[in-house]
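> coordinates for the following, if possible.
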Amino acid sequence: MPQFVLFSRVIAGASLLLFAALAHAEPVTVASATSPDKVLKVSLQLDGGMPSYRVERFGQEVVGNSKLGFQLRDGRLDRDLAVLGQTRRSVDETWEQPWGERRVTRNHYNEFTVQLGETTAAKRRLDVVFRVYDDGLGFRYHFPEQPNLREAIIDDELTEFAITPVSTAWWIPAGEPIHYEYLYQRTPLDQLPLAHTPMTLRSSEGLHVSIHEAALVDYAGMWLRRTDGQRLRAQLSPSAEGWKVRRALPFNTPWRTLQISDTAGGLVESSLILNLNDPNVLGDVSWVKPSKYLGVWWSMHLDEESWATGPKHAATTAKTRKVIDFAAKHGFRGVLVEGWNPGWDGMWVGNGYDFDFTRPTADFDIEALSAYGAKKGVHLIGHHETGCAIEHYEDQLGAALDLYARLGVDSFKSGYVCDDGQVDRRNPAGGPLWREWHDGQFMARHHLKVVQEAAKRHIAVNPHEPIKDTGLRRTYPNWITREGARGMEYNAWGQPPNPPEHEVNLVFTRMLSGPMDYTPGILSLKGRHGQAIPSTLARQLALYVVLYSPIQMAADLPEHYEQHREAFRFIEDVAVDWDDTRVLDGEVGDYVTIVRKDRNSRDWFLGSITDESGRVLPVSLGFLEPGVRYRAEIYRDGDGADFRSNPFAFKREVREVTSADAMNIVLAPGGGQAIRFTPM
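Residues are numbered from 1 along each chain as shown. This is a model prediction of the structure:
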């Protein structure tokens, strides 16, 4: 064989071996950071120009190599990338919430930013930012200003979460008609289809992980789609225009978040979502008032009265006066009135074009009622149901909020009742209406517009059928609460009603995103046509502590509170704004015990609920102030209580306790317990 032929074959063989070695090489770590106490480590890697990340906890892998990047309209931005530079910093600060689960929040993290650039002729650039906390992490993309990319049209995000430990998932489906209003399913993670966030995982070894997002601004909400095994990929909520997101550069995406804890309670106590949002931009927000309220509301869900005008109309001047009187007598600051304005007659669901938000119906004197309430220290709470006619609502938004501001209505509830994917949007070409999703970019812009316009007039906002909470209440503290889950009204007419485990699940899933206006306190324990609510009497009281919201509704009818006067006493007394919050014990879907310290007194409140199983939970009172004797007012399930057969068995008792004491919390099946601790 000629020597040059042999030499050529040797070179060719070596090239093939080198190519094969490169193809199977491990990803190269280009940046990493540990959390302040070295609990977590995050690594950013490049594999042949393709970025990925991985997460370890105490040296054990939690998230395996997971891809990063985008499918843009003009090509993928997830390959042929090289490091252009990187920066890092550490932050340890505290900040005070104007209202919230706790007064002071610590924000302690290590951060690195890697600037990536394409090695191809396109030369597009993309930055990736990671913030690493001891209890989790957040990462986001930054599209910097650049000559070769003026606008990003994102067809999808390629972000992955490759969960390593074998895990169970608690989740609700995404891409379905009723957005977030489902009972939570519990399945192995490797059986997950398409899910909303927050989604909660528990490994076979007991590690708890929640996947969510923070600071969702002018961007599509993130769903999670399982691609293989336990590998999840971000799927952005759709847009009528075809793409998922369209933004001029520069801009940041929302943070993709992982909260990680040994315990389920550790997820609840984490402040990661809030910390990843920008500080308050509104300045003095003392006009945002945490409080409790009543409503002209539950009777319509019972089908005893109606939103529509006519003989069953609930929102009348006479009816509202009576509710204002009851609110004033029992110390409630607000009265919500639904059905006060024209547009409720006929089929308004998904068809809100008859709604007028600037004037009342003929039988509702909003001027006189506002004045009447003001004399008694009670504020009307406004209501704007849009029926998903978004731009019809926006056309009236300024005038509607001006009306509220003039009348002293300093908070309002909004509604977006229609099937998901059926939100109306005008076609700029004048053709058929476009259809949007509740959590697409169009609705992200809309909700923030409403909040900003309300803030100009010192009005707080409580949207129902909302976009999910991602912690923007830190930046806009008038975004005071929202729905975004299967709430109490399903106990009036839902088939099935909410089972006892649902409210426990909410604590460790939906509530990780932020406050929820669940509307508790149905002491009659009856829904429409006598449908039994799966709860004991004491459980309805415990929900005021367990399910956090800075505005809490006493949702039942006033006459039912008169019938259960001893239980109603706790609803009168319970605080809504907190100095501190602690989870004493709990497991996803099973039970939870939470204590909160009132921001405006030295009182502590305890709430504990269980699923369909009765439990005895030992509780240490070490959270109380040492050396102080407390009067414990205990509202508990009575002997023989059971949500199925004996829901009204109830006992109120008083005892003296100190921080050195312990108690056994005895919960009936479907039951609960509420305690107020007051220094003596």
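> ok, the residue nearest the centre of the chain to residue 555 distance?
Central residue of the chain (Cα atoms, centre = their mean): residue 513, 3.1 Å from the mean position. Using Cβ to Cβ, to the nearest Å, one gets 22 Å for the distance from residue 513 to residue 555. In this view, the C-beta of every residue, glycine as well, is placed from N, C-alpha and C.
> same deal with residue 247?
Noted for residue 247: a distance of 40 Å to residue 555, by Cβ to Cβ.
> follow-up on the earlier one: residues touching the residue nearest to the centre of the chain, list them.
197-198, 212, 273, 468-471, 484 (Cβ atoms under 8 Å, 6 or more residues apart in numbering).
> can you check residue 261 too?
By Cβ under 8 Å, 6+ apart, the contact set of residue 261 is 135-136, 207-208, 267, 270.
> run through the bridge partners of it.
Going by DSSP bridges, residue 261 is paired in beta bridges with residue 208.
> what stretches of the stretch 101-250 of the chain score poorly on pLDDT?
Of all residues in the stretch 101-250 of the chain, none has pLDDT under 70.
> what about the strands in it?
For the stretch 101-250 of the chain, the strands defined by DSSP state E, counting those that start in this stretch occupy 104-118, 125-133, 136-143, 151-157, 160-163, 167-171, 185-188, 194-195, 199-203, 208-214, 222-228, 231-236, 245-248.
> output the ones you listed as JSON lines; include the columns mean neighbour count.
JSON lines is the format used below for the strands of the stretch 101-250 of the chain (neighbours: other Cβ atoms under 10 Å):
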{"stretch": "strand 104-118", "mean neighbour count": "18"}
{"stretch": "strand 125-133", "mean neighbour count": "23"}
{"stretch": "strand 136-143", "mean neighbour count": "24"}
{"stretch": "strand 151-157", "mean neighbour count": "19"}
{"stretch": "strand 160-163", "mean neighbour count": "24"}
{"stretch": "strand 167-171", "mean neighbour count": "21"}
{"stretch": "strand 185-188", "mean neighbour count": "13"}
{"stretch": "strand 194-195", "mean neighbour count": "19"}
{"stretch": "strand 199-203", "mean neighbour count": "23"}
{"stretch": "strand 208-214", "mean neighbour count": "25"}
{"stretch": "strand 222-228", "mean neighbour count": "18"}
{"stretch": "strand 231-236", "mean neighbour count": "22"}
{"stretch": "strand 245-248", "mean neighbour count": "16"}
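> out of these, nearest to residue 60?
Closest approach to residue 60 among the strands of the stretch 101-250 of the chain is made by strand 199-203 (10.1 Å; Cβ to Cβ).
> how far does that closest one sit from the chain's center?
16 Å (Cα atoms, centre = their mean, to the nearest Å).
> what is it packed up against?
strand 167-171, strand 208-214, helix 264-269 (3 or more Cβ pairs under 8 Å, 6 or more residues apart in numbering; DSSP states H and E).
> columns distance to residue 325 on top of the ones you listed, output as TSV?
Formatted as TSV, those follow (distance: least, Cβ to Cβ, whole Å):
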stretch	distance to residue 325
strand 167-171	43
strand 208-214	43
helix 264-269	38
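> now for those, which one comes closest to residue 668?
helix 264-269 (21.9 Å).
> how about residues contacting that closest one?
135, 200, 202, 208, 210, 259, 261, 507-508, 511-512, 581-588, 592, 594.
> then it to CSV, C-alphas only?
What follows is helix 264-269, C-alpha atoms only, in CSV (Å, rounded to 0.1, in the frame of the first residue of the first chain):
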residue,chain,number,x,y,z
ALA,A,264,-43.6,20.9,52.6
GLY,A,265,-43.8,23.7,55.1
GLY,A,266,-40.4,25.1,53.9
LEU,A,267,-42.0,25.8,50.5
VAL,A,268,-44.7,27.9,52.2
GLU,A,269,-42.3,29.8,54.3
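> so what secondary structure elements neighbour the following helix or strand past that helix?
Using DSSP states H and E, the next helix or strand after helix 264-269 towards the C-terminus is helix 272-275. Judged by 3+ Cβ pairs under 8 Å, 6+ apart, helix 272-275 is in contact with strand 104-118, strand 136-143, strand 208-214, strand 255-261.
> dump those strands to JSON lines, plus distance to residue 617.
As requested, these are exported to JSON lines (distance: least, Cβ to Cβ, whole Å):
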{"stretch": "strand 104-118", "distance to residue 617": "28"}
{"stretch": "strand 136-143", "distance to residue 617": "27"}
{"stretch": "strand 208-214", "distance to residue 617": "19"}
{"stretch": "strand 255-261", "distance to residue 617": "20"}
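> closest to residue 371 out of these?
Of these, the one closest to residue 371 (Cβ to Cβ) turns out to be strand 104-118, at 39.4 Å.
> one step back: identify, from the contacts of residue 261, the entry nearest to residue 75.
Residue 75 has its nearest neighbour among these in residue 136, at 32.6 Å by Cβ to Cβ.
> gap between the closest one and residue 42?
On the measure of Cβ to Cβ, residue 136 and residue 42 end up 10 Å apart.
> check residue 364 too.
Taken as Cβ to Cβ, the span from residue 364 to residue 42 is 56 Å.
> ranking helices and strands of this protein by mean pLDDT, which lands last?
helix 3-23 (a mean of 37; mean pLDDT, DSSP states H and E).
> next helix or strand past that helix?
In N-to-C order, the element after helix 3-23 by DSSP H and E is strand 28-34.
> give the partner strands of the helix or strand that comes right after that next one in its sheet and their orientations.
Scanning forward in sequence from strand 28-34 by DSSP H and E, the next helix or strand is strand 40-47. Each strand paired with strand 40-47, and its direction, by DSSP bridges: strand 28-34 (antiparallel), strand 50-57 (antiparallel).
> relative to strand 104-118, how tilted is the shortest one?
Using axes from the mean of the first three to the mean of the last three Cα atoms, to 10 degrees, the inter-axis angle of strand 28-34 relative to strand 104-118 is 170 degrees.
> next, the contact list for the closest residue in space to residue 596 that isn't next to it in sequence, please.
Of all residues not flanking residue 596 in the chain, residue 578 sits nearest, at 4.5 Å (Cβ to Cβ, 6 or more residues apart in numbering). Applying Cβ under 8 Å, 6+ apart to residue 578 gives the contacts 100-103, 548, 596-599.
> hang on, residue 398 is in a helix, isn't it?
Yes. With DSSP: H, G, I helix; E, B strand; the rest coil as the criterion, residue 398 is located in a helix.
> you'd agree it is up against residue 456?
No. Taking Cβ atoms under 8 Å as the definition, residue 398 is not a contact partner of residue 456, at 9.2 Å.
> circling back: which of the contacts of residue 261 sit farthest apart?
Using Cβ to Cβ, the two most remote members of the contacts of residue 261 are 207 and 270, lying 14.0 Å apart.
> give me the neighbour count for residue 121.
For residue 121, the count of nearby residues is 6 (other Cβ atoms under 10 Å).
> ok, now how distant is it from residue 75?
Using Cβ to Cβ, one gets 11 Å for the distance from residue 121 to residue 75.
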